[in-house]
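1. Here is my input, please return the structure:
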Amino acid sequence: MIIGSGLLAQAFEPDFGRSPTVCIYSAGVSNSACEDPAEFEREHERLAEALQRTRDHEAFVYFGTCSVMDPEANHTPYVQHKLRMEQCVAAHPRHLIMRLPQVVGRTPNPHTLLNFLYARISRSEAFRVWRHARRNIIDVRDVAAIGTQLIRHSDLRRATVNVANSRSYTVTEIVAALEAAAGKSAVYEVVDRGSSYEIDITGIRPFFERAGVLFDGGYLQRIVNEYYGKQ
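-> Numbering: from 1, shown residues only. Have a look, this model is predicted:
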């Protein structure tokens with residue numbers, strides 16, 4: 001069963017939408033800039049109810065955020081909320097928490113990094129780029145492919161794993177990929193801010209090949225072209 005209707009829910013629907021034994025929980029706050037306690041409480045209540053209803057399920061899957069490792073974001077209300085939700089999910093006897101980086105796909109959500117940048121580039125609006133910031137980018141289809149392999153590995157329960165690209169990109173690299181896809185130059189100022197952090201994916205690397213996912217040198221441009229080159 002799938003709880004939610006957004007990008008991740010749609011990606012996992014083909015494999016688990018009708019499953020009576022696996023619950024994919026992909027509902028909740030989607031804006032990482034959210035600071036509204038009422039929004040967080042709504043997710044908490046919905047999650048608690050879902051956990052209760054699925055106590056006998058073979059797997060309960062929740063999506064956390066890799067930003068818990070980001071020194072510039074891990075103190076924000078959103079990230080702290082996600083950590084609290086992970087603690088709730090950990091009470092499920094067969095939980096699997098997948099922490100995700102920046103997920104790319106077809107979504108009208110204006111708060112995603114690439115949607116934000118593409119909108120500015122397409123409208124020739126000026127924006128700032130943090131010189132030292134790096135972001136990990138992964139296609140939602142690859143999240144689903146890798147995630148499906150992880151879920152079907154029945155020994156992987158009561159676990160928290162990072163499902164991410166094997167490399168991260170500078171924001172200027174991401175902007176350059178969007179410029180190439182849009183056929184338009186961006187108007188931006190580079191400021192001396194930002195930071196980077198490592199995402200440990202050592203334990204799940206064997207699942208990349210099983211899922212048919214290749215994080216090679218052309219990965220970023222391929223997925224940017226896929227979702228932004230035809231607009």
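2. Now do the strands in the protein.
-> Secondary structure of the chain (DSSP state E): strands at 2-3, 22-25, 59-65, 95-100, 102-104, 127-130, 134-135, 137-139, 159-162, 169-170, 188-191.
3. residue contacts, Val161?
-> Counting by C-beta atoms under 8 Å, 6 or more residues apart in numbering, Val161 touches 96-99, 150, 203-204. C-beta here means a position set from N, CA and C on the backbone, and glycine is covered the same way.
4. Just put the strands of the chain in TSV and tack on distance to Met85 and mean pLDDT.
-> Output for those, formatted as TSV (distance: least, C-beta to C-beta, whole Å; pLDDT from 0 to 100):
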stretch	distance to Met85	mean pLDDT
strand 2-3	13	96
strand 22-25	9	97
strand 59-65	7	97
strand 95-100	9	97
strand 102-104	17	95
strand 127-130	27	93
strand 134-135	22	94
strand 137-139	21	98
strand 159-162	12	96
strand 169-170	28	96
strand 188-191	33	94
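5. I'd like those laid out as TSV, including distance to Gln80.
-> Below are the strands of the chain laid out as TSV (distance: least, C-beta to C-beta, whole Å):
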stretch	distance to Gln80
strand 2-3	22
strand 22-25	19
strand 59-65	11
strand 95-100	14
strand 102-104	19
strand 127-130	22
strand 134-135	20
strand 137-139	23
strand 159-162	16
strand 169-170	26
strand 188-191	26
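6. out of those, which comes closest to Leu114?
-> Taking C-beta to C-beta, strand 102-104 is the member of the strands of the chain nearest to Leu114, at 5.6 Å.
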